[in-house]
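Participant: sequence unknown, structure follows:
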């Protein structure tokens, strides 16, 4: 892995901390979160819908 500059590492650490804080807040409030896992979005949390809303394919879009 390449060595990151100190500024870049600080930014990455800040982003990771913000994400962790937000996910923890959502968990405490009982809200689900959408995360990226294995190349696709995944809904996690006790109140997560069973099946996420599907976007219409190009041939199903109006107009």
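Facilitator: Everything's here; your move. Because the structure is predicted, anything quoted here is derived from the model rather than measured.
Participant: list the contacts for the most centrally placed residue in the chain?
Facilitator: Closest residue to the average C-alpha location of the chain: residue 35 at 3.1 Å, with C-alpha atoms, centre = their mean. Shown here is residue 35, whose contacts under the criterion C-beta atoms under 8 Å, 6 or more residues apart in numbering are 41-42, 44. C-betas here are computed from N, CA, C, even on glycine.
Participant: sec struct for residue 49, please.
Facilitator: Following DSSP: H, G, I helix; E, B strand; the rest coil, the label given to residue 49 is coil.
Participant: quick one: neighbours of the closest residue to it other than its chain neighbours, just the number.
Facilitator: In this structure, residue 49 finds its nearest non-sequential neighbour in residue 43, 6.2 Å apart by C-beta to C-beta, 6 or more residues apart in numbering. As a burial measure, residue 43 scores 14 neighbours (other C-beta atoms under 10 Å).
Participant: may I see the buried residues of stretch 40-47?
Facilitator: For stretch 40-47, a neighbour-count test (16 or more other C-beta atoms under 10 Å) marks residue 45 as buried.
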